[in-house]
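**Student:** Give me the fold of what follows.
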Amino acid sequence: MKVSVIGTGYVGLVAAAVFAEFGNDVLCADIDEAKIDALRQGRIPIFEPGLGQLVTHNVSAGRLRFTTSNAEAARHGEVVFMAVGTPSDGPEGSADLSFLYQAAAEVGRHVTRPTVMVNKSTVPVGTAERISRIVGEQTDVEVVVASNPEFLKEGSAVQDFMQPDRVVIGTTNERARELLTRLYQPFFRTTERILYMDARSAELTKYACNAYLATRISFVNDIANLCDAVGADVELVRKGMGSDPRIGNKFLYPGVGYGGSCFPKDTRALINTAREHGLSLDLVSAAERINETQKLVLVRKVRKHFQDQIAGKTFAIWGLAFKPNTDDVREAPALRIARTLLADGAKLRVNDPEGGANFMHALAGAAAAAELFTDPYAAVEGADALLLVTEWREYRSPDFERLKRVMRQPVLFDGRNQWDRELVESFGFTYLGMGR
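**Tutor:** Down below sits the predicted model:
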């Protein structure tokens, strides 16, 4: 099939590469000329395991091309996917749809045949209908607007797209259903997990899923804090909870809170949508509030251990991206932790396998007292404590003897409960975890 994808961000680039891998003729468009030039030269703007090889392979095979012309993409695709960014628009959390509307109008002006426009961006309920009106003002050609929310996890997006748990398609139009079924059926060799529904339900499904998962994370973090207060071990509690089949063990890992491009933005947008309709999603609002507080729990532990004498101390931070296997630092807990410690007068030595440059850029003016190291052991030299914030695999089994030799004080703050307390303490470290 001839497929166009508008937007070469995280969702758009993954979608374009995987559709091409399955044999489709894909044209991917973006108005950012520098980004398109880089992609044509084989340079991938984001770190995502497996994506670079997939893009290179399909460009070489002639199934994947890039353009700066949305008009060209509109003429190319019988199915046009909209993967344009929808960032938060102000503190109230509403989504900024201006870029999406502009792109939809431009595509509408240049379609030359009946087209299915598929919104893959995360958008408020009713957006498909609004886009349909916008496109209808630009053309007399039949353009059906459907919703197809993404459920990708950064760090495993390629695998998630190739082997989806389910594909949600929001449309009641038979032609759209036929084309999208033909496009997605090759992804399901044994069972078909395509769920059809109306566009509004599909749009809300995306927000509801992310809000629920965010709530689970905030719940277990609240329990971890209670464990600290009463002397229980959250690792044992979560195993007891997770063994109940009604609950399960997914997203029940305590830590320093969630970040990234989805959970924070989507929970706020959902809360805002409810507010616009006279409702208050109290549970989701509490989860969002708990998460912001949770990002500073590790700082409170540091302050307590050092009796609020933080100024002049040097702290090493391992893990800067909001999760492993990505370089995305948007709303990363490490940013909030670093800014707070720097405001307290501390000096920071930081390391991350992929997110270091983005992290230092995000710190901006506050980065003067922070130094980035490519070697994690170099980062801990002379440190008064080491804070593990993001659980990259290479941090799971460090050389504790070497750490103790190079640190000024043998103190470990385990923000992800990755290390065995008894093992760490056997090397002479003071260990402080989350809810332990």
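
**Student:** all strands of the stretch 1-150 of the chain, in order?
**Tutor:** With DSSP state E, counting those that start in this stretch as the criterion, the stretch 1-150 of the chain has strands at 2-6, 25-29, 64-67, 79-82, 115-119, 143-147.

**Student:** Also the stretch 301-436 of the chain?
**Tutor:** Counting by DSSP E, counting those that start in this stretch, the strands of the stretch 301-436 of the chain are 314-318, 347-351, 370-372, 385-388, 411-414, 430-432.

**Student:** still on that earlier bit, make CSV out of the strands of the stretch 1-150 of the chain and add mean pLDDT.
**Tutor:** Shown next, in CSV, are these (pLDDT from 0 to 100):
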stretch, mean pLDDT
strand 2-6, 98
strand 25-29, 98
strand 64-67, 97
strand 79-82, 98
strand 115-119, 97
strand 143-147, 97
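
**Student:** Those strands: which one's closest to Asp399?
**Tutor:** Among the strands of the stretch 1-150 of the chain, the nearest to Asp399 by CB to CB is strand 64-67 (42.7 Å). From N, CA and C alone the C-beta is placed, and that goes for glycine too.

**Student:** Counting by contacts, list what that closest one packs against.
**Tutor:** helix 10-21, strand 25-29, helix 33-40, helix 51-60 (3 or more CB pairs under 8 Å, 6 or more residues apart in numbering; DSSP states H and E).

**Student:** could these be laid out in JSON lines, adding distance to Thr326?
**Tutor:** Formatted as JSON lines, the helices and strands packed on strand 64-67 follow (distance: least, CB to CB, whole Å):
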{"stretch": "helix 10-21", "distance to Thr326": "9"}
{"stretch": "strand 25-29", "distance to Thr326": "20"}
{"stretch": "helix 33-40", "distance to Thr326": "18"}
{"stretch": "helix 51-60", "distance to Thr326": "11"}
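
**Student:** on that earlier part again, now the strands of the stretch 301-436 of the chain as JSON lines including mean pLDDT?
**Tutor:** As requested, the strands of the stretch 301-436 of the chain are exported to JSON lines (pLDDT from 0 to 100):
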{"stretch": "strand 314-318", "mean pLDDT": "98"}
{"stretch": "strand 347-351", "mean pLDDT": "98"}
{"stretch": "strand 370-372", "mean pLDDT": "96"}
{"stretch": "strand 385-388", "mean pLDDT": "98"}
{"stretch": "strand 411-414", "mean pLDDT": "98"}
{"stretch": "strand 430-432", "mean pLDDT": "98"}
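
**Student:** out of the ones you listed, which comes closest to Asp165?
**Tutor:** Nearest of the strands of the stretch 301-436 of the chain (CB to CB): strand 385-388, 29.9 Å.

**Student:** show me the contacts for the closest residue to Arg65 other than its chain neighbours.
**Tutor:** Nearest residue to Arg65 in three dimensions, chain neighbours excluded: Leu27, at 5.3 Å (CB to CB, 6 or more residues apart in numbering). By CB atoms under 8 Å, 6 or more residues apart in numbering, Leu27 lies in contact with 2-5, 65-67, 72-73, 76-77.

**Student:** Would you agree Pro398 is in contact with Leu386?
**Tutor:** No: with contact defined as CB atoms under 8 Å, Pro398 does not count as touching Leu386 (9.1 Å).

**Student:** in what helix or strand does Leu298 lie?
**Tutor:** Per DSSP states H and E: Leu298 is located in helix 297-305.

**Student:** Would you indicate which residues of that helix are buried?
**Tutor:** Within helix 297-305, the residues scored as buried using 16 or more other CB atoms under 10 Å are 297-299, 301-303, 305.

**Student:** ok, now stretch 79-95?
**Tutor:** 79-86, 88, 93-95.

**Student:** and that stretch, C-alpha only, in CSV?
**Tutor:** Presented in CSV, the C-alpha positions along stretch 79-95 are these (Å, rounded to 0.1, in the frame of the first residue of the first chain):
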residue,chain,number,x,y,z
VAL,A,79,-3.7,6.3,3.8
VAL,A,80,-2.1,9.4,5.5
PHE,A,81,-1.1,9.1,9.1
MET,A,82,-0.9,12.3,11.2
ALA,A,83,1.9,12.0,13.7
VAL,A,84,2.3,15.7,14.6
GLY,A,85,3.2,16.8,18.1
THR,A,86,0.4,17.9,20.5
PRO,A,87,2.3,19.5,23.4
SER,A,88,0.7,20.8,26.5
ASP,A,89,-0.6,24.3,26.1
GLY,A,90,-0.1,26.0,29.4
PRO,A,91,-0.2,24.9,33.0
GLU,A,92,-3.8,23.8,32.9
GLY,A,93,-2.8,20.8,30.7
SER,A,94,-4.8,21.3,27.6
ALA,A,95,-3.3,20.0,24.3
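
**Student:** higher neighbour count, Pro398 and Leu386?
**Tutor:** Shown here are Pro398 and Leu386; by other CB atoms under 10 Å, Leu386 has more neighbours (24 against 19).

**Student:** gap between the more buried one and Asp160?
**Tutor:** Note on Leu386: its distance to Asp160, by CB to CB, to the nearest Å, is 32 Å.

**Student:** same deal with Leu320?
**Tutor:** To Asp160, Leu320 is 23 Å away according to CB to CB.

**Student:** So these two - more neighbours on which side?
**Tutor:** Taking other CB under 10 Å, Leu320 and Asp160 do not tie; Leu320 has more neighbours (30 against 17).

**Student:** List the residues that contact the more buried one.
**Tutor:** By CB under 8 Å, 6+ apart, the contact list for Leu320 reads 329, 332, 334-335, 350-352, 355-356, 358-359, 389-390.
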